[in-house]
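Asker: I need the structure of the sequence given here:
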Amino acid sequence: MQALINIAREVAASEVMPRYQKVVAELKHDGSLFTEADLAAQTALQRLLPQLVDCPVLGEEMSQAEQEALWHDHPDGLWIVDPIDGTSNFAHGLPYFAVSIALYRNHRPVLGVVYLPVLDECFAAEAGCGAWLNSETLPLLKDDKQLKHAMASIETKWLSGHLATRVVTVNPYHSHRNFGASTIDWCWLAAGRTDVMLHGAQKLWDYAAGVLILLESGGQVGALFHDNYWDENPWHRSAVAARTPSLFTSWSDWVRKNK
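Answerer: Residues are numbered from 1 along each chain as shown. Below you'll find the model as predicted:
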């Protein structure tokens with residue numbers, strides 16, 4: 001675990017932060033942004049991670065065909081990375097972005113690290129062993145508030161029109177935020193900085209490390225159309241999540257009734 005954390009920090013220091021607020025973003029075919037920092041960080045991770053555990057690396061900045069082939073051909077072991085999650089934030093000088101790394105076996109996460117270089121916060125988890133922020137055990141906040149007092153992390157872009165409208169007009173929580181980096185949303189939920197989360201569809205690298213960090217902190221997760229989160233399409237996986245079991249029950253019940 002410490003070696004994996006060191007790699008995340010090293011790549012952020014050598015490839016990401018020297019380019020922060022100095023690169024021009026370009027458009028990918030799907031309309032999302034990327035920069036030379038994304039490519040440089042992914043290249044570095046592809047070099048370093050197999051030295052730690054000898055598995056191939058699936059990165060966001062690969063073609064869809066490459067990604068799908070790696071996912072299907074390497075269930076025995078696969079690194080999944082988002083070299084910079086929150087590229088739009090990174091390219092515009094907003095400090096909400098992260099390097100995300102996960103090791104998957106049998107299509108489930110066993111190690112996860114999400115590093116926020118501007119804040120120098122490193123979230124990490126190992127399956128069955130717990131989750132941490134730097135050296136502190138998660139969750140940081142351990143109260144069990146009611147849903148009506150909750151802070152929600154909501155991404156409406158991939159929700160149905162009805163549910164997207166309901167969460168902002170008759171929402172059952174106190175307030176909501178959307179900062180534009182899914183990997184960090186998972187971590188802040190695990191830490192207790194937010195209380196519930198809703199996302200209509202995340203890519204594999206958006207949740208690869210974060211979902212493990214949440215689960216190992218004691219949080220719970222389901223999906224919009226499946227009680228079992230892992231039953232959804234791995235390339236477009238929705239997330240209905242909360243940092244405590246009681247919040248998850250009330251939150252998921254409300255979402256199901258309003259979707």
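
Asker: alpha carbons only for contacts and neighbour counts from here, please
Answerer: Fine.

Asker: List the backbone torsions phi and psi for the most centrally placed residue in the chain.
Answerer: In the chain, the residue lying closest to the centroid (CA atoms, centre = their mean) is residue 183, at 2.3 Å. Torsion angles at residue 183 (phi, psi; degrees, to the nearest 10) stand at phi -60, psi -40.

Asker: and it, what is it in contact with?
Answerer: 85, 98, 100, 114, 206, 207, 209, 210 (CA atoms under 8 Å, 6 or more residues apart in numbering).

Asker: Report the separation between it and residue 167.
Answerer: Distance of residue 183 to residue 167, given as CA to CA, to the nearest Å: 21 Å.

Asker: same question, residue 43
Answerer: Taken as CA to CA, the span from residue 43 to residue 167 is 39 Å.

Asker: ok, now residue 197?
Answerer: 11 Å.

Asker: Pick out whichever of those two has more residues nearby.
Answerer: Neighbours per residue (other CA atoms under 10 Å) separate residue 197 from residue 167, with residue 197 holding more: 25 against 22.

Asker: Secondary structure of that one: a helix, I assume?
Answerer: No - the assignment for residue 197, made by DSSP: H, G, I helix; E, B strand; the rest coil, is strand rather than a helix.

Asker: which one is it nearest to, not counting chain neighbours?
Answerer: residue 153 (4.6 Å; CA to CA, 6 or more residues apart in numbering).

Asker: Then residue 204?
Answerer: Using CA to CA, 6+ apart, the closest residue to residue 204 is residue 235 (5.4 Å).

Asker: all strands for the stretch 151-259 of the chain, in order.
Answerer: 151-155, 175-177, 196-202, 220-222, 237-242 (DSSP state E, counting those that start in this stretch).

Asker: wait, I meant the stretch 1-150 of the chain
Answerer: 26-27, 33-34, 57-59, 78-85, 98-105, 108-116, 121-126, 130-133, 136-137.

Asker: what about residue 114, distance to residue 164?
Answerer: Counting by CA to CA - residue 114 and residue 164 are separated by 28 Å.

Asker: Just the mean pLDDT for stretch 41-50, thanks.
Answerer: What stretch 41-50 shows for mean pLDDT is 98.

Asker: And stretch 80-96, by the same measure?
Answerer: 95.

Asker: Show me which residues of that stretch are buried.
Answerer: 80-91, 95-96 (16 or more other CA atoms under 10 Å).

Asker: Now find how far off-centre that stretch is within its chain.
Answerer: Chain-centre distance of stretch 80-96: 12 Å, with CA atoms, centre = their mean, to the nearest Å.

Asker: quick one: contacts of that stretch?
Answerer: 16, 20-21, 23-25, 33-35, 37-39, 41-42, 45, 57-60, 97-104, 116, 118, 179-184, 204-206, 208.

Asker: switch to 7 Å and redo it
Answerer: Here stretch 80-96 makes contact (CA atoms under 7 Å, 6 or more residues apart in numbering) with 20-21, 23-25, 33-34, 38, 41-42, 57-60, 97-103, 118, 180-181, 183, 205, 208.
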